[in-house]
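Asks: What shape does this take:
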Amino acid sequence: MKVNNQDGQQPQGKDGAQVSTGASGDAVPVPDAAIPELVIISGMSGAGRSTAAKCLEDLGWFVVDNLPPALIPTMVELGARSQGNVARIAVVVDVRGRRFFDNLRESLADLDSRRVTRRIVFLESSDDALVRRFESVRRPHPLQGDGRIVDGIAAERELLRELRGDADLVIDTSSLNVHELRAKMDAQFAGEEEPELRATVMSFGFKYGLPVDADLVADMRFLPNPHWVPELRPFTGLNEEVSAYVFNQPGAKEFLDRYAELLRLIAAGYRREGKRYVTIAIGCTGGKHRSVAMSEKLAARLAAEGVETVVVHRDMGRE
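Replies: Just a heads-up that it's a prediction; the model follows:
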């Protein structure tokens, strides 16, 4: 948090970077290199602020929704003291915090004095598009009060007029769908890196029901069940003996090879459509042997191809 010295001036290090004072009163410099990059997301209600924020979150930004503008410098300073763990911060400012807008310009001036690299992204849309969006979700505009949706939109435009003029990037979402807006955000903030895809590979047992969050489901019940092999029954698919048994069965290795190839095709499409997370469910009867062994092998394939992968064995140990 910003701390003033006795004469009311913010102390500075030798390199001009802002500093804070500890309990002892000694100045503790904050290196310029530690100051996080900042993006302020604002704009018209219904124009896509949440989608833009979610896109930055998927790109690895630390996102704070509806932070009062007066607290933005504090958030930046906390990020600077995170030892590099918070290098990029995105803050969503909207009309829910309209009583704080008087503090925004002061906060921006404070950030400039700290040499913070900051950008303002403003989401814009036509009145017609905004009215359709509010009517489709059957929600009132936050500023319409007892009036109509168009009255709320007009009031919001006037409130945000100055901020729009200060914006570094204005995106008109009138004719954009969610995927197109994400693509625009990716183009501005993802750099040259391809958007990252994160996968959860989940083993499960059909007798306990399908995972409700599964994007893709594969059935391993076409393979012989190790449950009927007495020496393998107590073990799980994590044991080498069970895994070897499963992958020595006709079709097991072929399935792994072809399903991994299919997932490469699907992953490329997901990236194009802006999808960042996928849950791949691999099932067998009880979720103990075949699905576990296949999930482990499949996750290893995905990880080897650069997909950030987490393995979850939902029903293992449940019997």
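Asks: Can you show me the strands along the stretch 51-200 of the chain?
Replies: 62-65, 88-92, 118-124, 169-172, 198-205 (DSSP state E, counting those that start in this stretch).
Asks: would you list these in TSV and tack on mean pLDDT and mean neighbour count?
Replies: Any C-beta I mention is one placed from the backbone N, CA and C, and that applies to glycine too. Shown next, in TSV, are those (pLDDT from 0 to 100; neighbours: other C-beta atoms under 10 Å):
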stretch	mean pLDDT	mean neighbour count
strand 62-65	91	17
strand 88-92	91	23
strand 118-124	90	21
strand 169-172	87	16
strand 198-205	92	23
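Asks: Of all these, which one is nearest residue 276?
Replies: strand 198-205 (6.2 Å; C-beta to C-beta).
Asks: Adjacent strands (with direction) for that closest one?
Replies: With DSSP bridges as the test, strand 198-205 is paired with strand 277-284 (parallel), strand 308-313 (parallel).
Asks: Residue 256 is nearest to which of these?
Replies: strand 277-284 (10.4 Å).
Asks: Against residue 257, how distant is residue 164?
Replies: Distance, residue 164 to residue 257, using C-beta to C-beta, to the nearest Å: 53 Å.
Asks: higher neighbour count, those two?
Replies: Just comparing residue 164 and residue 257: by other C-beta atoms under 10 Å the higher neighbour count belongs to residue 164, 16 against 11.
Asks: what's the average pLDDT for the helix or strand containing residue 254?
Replies: Using DSSP states H and E, residue 254 falls within helix 252-272. The pLDDT scores in helix 252-272 average 92.
Asks: Distance from the chain centre to it, please.
Replies: Distance of helix 252-272 from the chain centroid (C-alpha atoms, centre = their mean, to the nearest Å) equals 24 Å.
Asks: name the element the residue sitting furthest away from the middle of the chain belongs to?
Replies: Distance from the centre of the chain peaks at residue 230, with 45.9 Å (C-alpha atoms, centre = their mean). Per DSSP H and E: residue 230 is located in neither a helix nor a strand.
Asks: how close does it sit to residue 224?
Replies: For residue 230, the distance to residue 224 equals 14 Å [C-beta to C-beta].
Asks: likewise residue 309?
Replies: Remark: distance between residue 309 and residue 224 (C-beta to C-beta) = 27 Å.
Asks: And residue 149, by the same measure?
Replies: With C-beta to C-beta as the criterion, residue 149 and residue 224 are 62 Å apart.
Asks: In terms of neighbours, single out the busier of those two.
Replies: Between residue 149 and residue 224, residue 149 has the larger neighbour count (other C-beta under 10 Å), namely 20 against 16.
Asks: element containing residue 218?
Replies: Counting by DSSP H and E, residue 218 is found in strand 216-219.
Asks: Quickly run through the sheet partners of that strand, with directions.
Replies: Strand 216-219 pairs in its sheet with strand 277-284 (parallel), by DSSP bridges.
Asks: ok, and what's touching the strand it pairs with?
Replies: For strand 277-284, contacts defined as C-beta atoms under 8 Å, 6 or more residues apart in numbering pick out 197-206, 210-211, 213-221, 223, 225, 263, 266-267, 270, 290-291, 294-295, 298.
Asks: I'd like to know which of those are buried.
Replies: For the contacts of strand 277-284, a burial check counting by 16 or more other C-beta atoms under 10 Å picks out 197, 199-206, 211, 214, 218, 220, 223, 225, 263, 266-267, 270, 290-291, 294-295, 298.
Asks: How about the contacts made by residue 309?
Replies: When contacts are counted by C-beta under 8 Å, 6+ apart, residue 309 touches 198-201, 299, 302-303.
Asks: and with 10 Å instead?
Replies: Remark: with contacts taken as C-beta atoms under 10 Å, 6 or more residues apart in numbering, residue 309 is in contact with 197-201, 278, 280, 298-303.
Asks: Would you mind giving those residues as TSV with distance to residue 242 added?
Replies: Compiled in TSV, those are given as follows (distance: C-beta to C-beta, whole Å):
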residue	distance to residue 242
197	29
198	28
199	23
200	22
201	17
278	26
280	20
298	16
299	16
300	16
301	19
302	21
303	21
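Asks: Could you single out the nearest of the residues you listed to residue 58?
Replies: Nearest to residue 58 among these: residue 198, at 8.6 Å, using C-beta to C-beta.
Asks: Pretty sure that closest one sits against residue 310.
Replies: Yes - if you go by C-beta atoms under 10 Å, residue 198 and residue 310 touch, sitting 7.6 Å apart.
Asks: ok, and the closest non-adjacent residue to residue 205?
Replies: Nearest residue to residue 205, sequence neighbours excluded (C-beta to C-beta, 6 or more residues apart in numbering): residue 287, at 3.0 Å.
Asks: I misspoke; the intended subject was residue 297.
Replies: Residue 297's closest residue in space is residue 256 (C-beta to C-beta, 6+ apart), at 5.6 Å.
Asks: What count of nearby residues applies to that neighbour?
Replies: Residue 256 has 17 neighbouring residues, counting by other C-beta under 10 Å.
Asks: ok so, going back, okay, the strands paired with strand 198-205 in a markdown table with distance to residue 137 and mean pLDDT next?
Replies: As requested, these are exported to a markdown table (distance: least, C-beta to C-beta, whole Å; pLDDT from 0 to 100):
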| stretch | distance to residue 137 | mean pLDDT |
| --- | --- | --- |
| strand 277-284 | 23 | 92 |
| strand 308-313 | 32 | 90 |
